[in-house]
Structure formats: structure tokens, C-alpha cells
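> kindly generate the corresponding structure for this input.
(one chain, ligands or ions: 2)
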Amino acid sequence: MKTVAILSQKGGAGKTTITLHLAVAAQLARHIPVVIDLDPQASSAGWKDGRRSETPVVVSVPASRLTQALDAARAGAADLVLIDTAPHSGEVALAAAEAADLVLIPCRAGILDLKAIATTARIVKLGGKRAYVVLNAVPPRAPHVIADARAAVAVHGLDVAPIALQQRAAYAHALTVGQTAQEYEPEGKGGEDIAQLYHWLQGELGRA
Ligand SMILES: Nc1ncnc2c1ncn2[C@@H]1O[C@H](COP(=O)(O)OP(=O)(O)O)[C@@H](O)[C@H]1O
Ligand SMILES: [Mg+2]
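Numbering: from 1, shown residues only. Ligands and ions are numbered 1, 2, ... in the order given. Prediction:
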């Protein structure tokens, strides 16, 4: 079982969006994903409430129950656990990073918030895990954005994932109806980008 923590000390960066889209990508690849939602706002769990499908499993637990939730996922034969987290809670983010094989840090490229990245980077360093910034909601036709962001986060000792997610209405619309972009718009570009991100993640987890 591999565990990925999705962290960002900034709200609205795309933690829940990326968590749920990767979970469904795993599902589509016939893996057994489990989402552990540590955010007291429980957005991932709320998405599951509005979903018709039984899968992926989403459990909402306080951070103090993370170990038990991971044990339950393992006992349930999960092969990928995605931990969604709340912003502004360094202690919980650290616990998630420590439990993970790999950390993903969603970050909006347009308003690259270096202060928030610096805080998240410090937490990740404490957790001692490999971490990648995933640029999210990148405007279309802005090829310089990724290069600029790579330079900006390198200052904090972080790498940028080679796959960035663009700003696409399908990501937001899909989640409001208990789906993800792959399901909501099966031929859409959003699903394609997620498939690529998932493929890259699998490669990284193989090395983790
Ligand atoms: N790539 C994207 N394109 C369009 N909307 C996005 C994208 N990523 C996130 N959003 C929207 O931005 C808002 C915040 O995203 P969310 O995943 O909830 O962030 P977080 O969990 O980090 O607070 C949501 O309304 C979501 O639908
Ligand atoms: Mg969230």
C-alpha cells in the first residue's frame, strides 16, 4: 500500500480537487484507492455523500485517528491511500507527511503564494518525505508559468511535478455532482491531464 499526502497551508489551492481526481483515476486503473479526509470541513467526505458509486471509499477522521484509518485501509486491501488535509494546521500536515511515501503540494500558479509554499516546504522537510508541487489552475497558453514556478519553488528545495493542471470548469462542475472530470466529461482534456498526472504519480511511487 502506498500513501500520498496532499498538503498545502493555503486554502483553495486544489487539495480536495486533486485528491478526488487521483482517487477516481486509481479506481479507473482497477486499483483500490482510499481517501482519508483529515479536513474538519470534510469536503472530500461531502463529495462522497453526493456520489452514486460505492467507490472510492472516503473516510473522514480526526488527525488523532490517522494511524487507525491507515490500518483499516491496509486491512481492506487498499493499494493507494490519498490523505486530504486542511490548510492552516501545521501539526496535522506534519502527521500526514510522516505517514506518507510521497507528498503532493497543490499550488495555484497564477497567484503563486510563496509565503504559503515556504510554510508547507518547512513542514515537508520536517516529515522527511519526497515532495512535489503540483501547479493547479494554470491559465491556458502560458508556457512560461511552469518554468517560472519551478525557479520560484526551487528556492524552497522543492520540485515541480511535470504535469500541471489547467483551469477547467469540468473539475469544479464534476465535484458538485459527486463525480470527477473523467466521469463528467469522459472525452475532456481535464480527464486526460489527470490520467497523465496519475501515470506520473505511479512512476514516482514505484521509486518511493
Ligand atoms: N484546476 C482547476 N480548475 C478549475 N477550478 C478549480 C481547479 N482546481 C480547483 N478548482 C476550484 O477551486 C476551489 C478550491 O479547490 P479545492 O480543491 O477545494 O481546494 P482546497 O482543498 O485546497 O481548499 C473549488 O471550488 C474547486 O472546484
Ligand atoms: Mg479541501
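
> so what does the helix ranked longest in the chain touch, helix or strand wise?
In the chain, taking DSSP state H as the definition, the longest helix is helix 189-207. Where contact means 3 or more C-beta pairs under 8 Å, 6 or more residues apart in numbering; DSSP states H and E, helix 189-207 is packed against strand 2-6, helix 15-28, strand 102-108, strand 130-136, helix 169-176, helix 181-184. Where you see a C-beta, it was placed from the backbone N, CA and C, and this is true even at glycine.

> one more pass at 7 Å, please.
With contacts defined as 3 or more C-beta pairs under 7 Å, 6 or more residues apart in numbering; DSSP states H and E, helix 189-207 has these neighbours: helix 15-28, helix 181-184.

> now do the longest one against helix 189-207: the angle between them, please.
Translated: helix 15-28. Interaxial angle, helix 15-28 versus helix 189-207 (axes from the mean of the first three to the mean of the last three C-alpha atoms, to 10 degrees): 80 degrees.

> could you give the number of residues near residue 41?
14 (other C-beta atoms under 10 Å).

> equivalent analysis for residue 198, please.
Using other C-beta under 10 Å, residue 198 is surrounded by 22 other residues.

> please name the nearest non-neighbouring residue to it.
Excluding its sequence neighbours, the residue lying closest to residue 198 (C-beta to C-beta, 6 or more residues apart in numbering) is residue 25, at 3.7 Å.

> show me which residues of the chain sit near ligand 2.
15, 16, 43 (C-beta under 5 Å from the ion).

> intersect those with the contacts of ligand 1.
Among the residues of the chain next to ligand 2, the ones lying close to ligand 1 by the criterion of C-beta under 6 Å from any ligand atom are 15, 16, 43.

> stretch 185-198 near ligand 1 at all?
No. Using C-beta under 6 Å from any ligand atom, stretch 185-198 stays clear of ligand 1, coming no nearer than 7.7 Å.

> quick one: least confident helix or strand in this structure?
helix 144-154 (a mean of 83; mean pLDDT, DSSP states H and E).

> now the angle from that helix to strand 130-136?
For helix 144-154 against strand 130-136, the angle between stretch directions is 150 degrees (the same axes, to 10 degrees).

> related to what we said a few turns ago, pull the residues that contact the longest helix of the chain.
2, 21-22, 25-26, 29, 101-102, 161-163, 165-166, 168, 170-171, 181-182, 185 (C-beta atoms under 7 Å, 6 or more residues apart in numbering).

> next, count neighbours for residue 73.
Residue 73, neighbours per other C-beta under 10 Å, totals 22.

> before we move on, which element is it in?
helix 66-75 (DSSP states H and E).

> contacts for stretch 83-96, please.
Here stretch 83-96 has contacts from 3-11, 15-16, 19, 35-41, 44, 63, 66, 99-100, 123, 126-127, using C-beta under 7 Å, 6+ apart.

> quick one: low-confidence ranges for the chain?
The chain contains residues with pLDDT under 70 at 110-115, 208.

> and the one residue in it that gets nearest to ligand 2, how far is that from residue 202?
Residue of the chain nearest ligand 2, by C-beta to the ion: residue 16 (3.3 Å). Note on residue 16: its distance to residue 202, by C-beta to C-beta, to the nearest Å, is 21 Å.

> many thanks, we can stop here.
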